[in-house]
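**Student:** Starting from these lines, generate the structure:
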Amino acid sequence: MKLKKYLLFLAIAALAAIIAACGSDPKANSDEQSKGNDEESNDNGNSEKIEGSVVIDGSGTVYPLMARIAEEYMINEQENVSVEVSRAGTSAGFKKFLVKDGTDFNDASRQIKDEEATEAKDLGIEVKELKVALDGLTFVINKDNDWAKEMTPEQLISIFKADSGIEKWSDIDPDWPDEKIKPMGPNENHGTYEFFYENILEKQDLVDSVNLQQDYSTLVNLVAEDKNGIAFFGFGYYVNNKDKLEAVHVDFGSGAVEPSLDTISEDGDYAQFTRPVFTYLNVKHATEKAQVLDYAIYLMGNINKFAGETGFAPIPDAEVEESIEYLNGLRN
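**Tutor:** Okay, the predicted model is just below:
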């Protein structure tokens, strides 16, 4: 009888131990563990994982800078975000940006026009201008051209202006070859064309013989193959093709100035041919799509790091910080 009571006691004790062990809430334990893992992740500085796509189009001039940063972002920041960068040209890009469900960003080598801003307003698209770098309009010549390495702004303009009477190199300087000049440049889709036409030519007609192209690589090859060729485009395309082309040093009145990262500045030696370049952000897309805002913040936080690498002069740190502060303000 005593043995039966002892065995019953052991059974009850074992059952009590099992109940006690099961008494804690498994979900609570799981949540606590998850919380601990999250805290550890935050302590390690790991950012939130984001998915989706970012669509960018616009300026061919700004393209190398944006493409470089996009590559860095996808490899080292958000591997599940696809950043698609195209280069239809500034004006053509705005046509893709200022539509319903348009692109997220439009790169531009000029500021948005009044009519484009009005169109955005009519469509209910809030646009934020982000200044990303400084570019120097660069005139390039063939490697075998040993006479036009230094020119004044007036001489350069006369080559492209319709009523200047300049057709041959000898029309500029009688000591230069008596051969026809082959002027070239980007076409009307590009902000570089518009900057040149509006700011440098002051909206005077271009010479009929000018050869305008959509692709900058085509311009590079045309000048590289023609001793009498001369073209204009952004400094970055010259830097990446220095083995094929020469840059004209421009005498603004105090001696010839070579376009370079040291001289390209809004108040420096090359100021007359310096311009800011931009990207324009669809603000609604940034507030509705986490990947768009995340990329915008990353872009501005790293813009000066990659500017020089792609042929652009950096913008002041204060301007960078102002843009980042605005973008951070869009976070929910």
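
**Student:** What residues does M184 make contact with?
**Tutor:** V210, N211, L212, Q213, L219, L222, V223, G229, I230, A231 (Cβ atoms under 8 Å, 6 or more residues apart in numbering). Where C-beta positions appear, they are placed from N, C-alpha and C, glycine not excepted.

**Student:** what kind of secondary structure is the most centrally placed residue in the chain in?
**Tutor:** Residue closest to the average C-alpha location in the chain (Cα atoms, centre = their mean): M66, at 3.3 Å. Under DSSP: H, G, I helix; E, B strand; the rest coil, M66 falls in the helix class.

**Student:** Report the spatially closest residue to it, excluding sequence-adjacent ones.
**Tutor:** Nearest non-adjacent residue to M66, counting by Cβ to Cβ, 6 or more residues apart in numbering: V85, 5.2 Å away.

**Student:** Quick check, the one you found in contact with A70.
**Tutor:** Yes. The pair V85 and A70 passes the contact test of Cβ atoms under 8 Å, sitting 5.1 Å apart.

**Student:** what do these two both touch?
**Tutor:** With Cβ under 8 Å, 6+ apart, V85 and A70 have common neighbours I56.

**Student:** Now do the helices in this protein.
**Tutor:** Remark: helices assigned in the chain by DSSP state H are 2-22, 26-43, 63-76, 90-97, 114-123, 153-160, 169-172, 191-195, 216-224, 235-239, 283-288, 290-307, 317-328.

**Student:** could you redo these as CSV and give each row distance to K182 and mean pLDDT?
**Tutor:** Output for those, formatted as CSV (distance: least, Cβ to Cβ, whole Å; pLDDT from 0 to 100):
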stretch, distance to K182, mean pLDDT
helix 2-22, 88, 43
helix 26-43, 61, 40
helix 63-76, 25, 97
helix 90-97, 25, 97
helix 114-123, 33, 98
helix 153-160, 10, 98
helix 169-172, 10, 98
helix 191-195, 17, 95
helix 216-224, 8, 97
helix 235-239, 17, 94
helix 283-288, 43, 98
helix 290-307, 32, 98
helix 317-328, 39, 98
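
**Student:** Quick one: closest of these to L134.
**Tutor:** helix 290-307 (8.0 Å; Cβ to Cβ).
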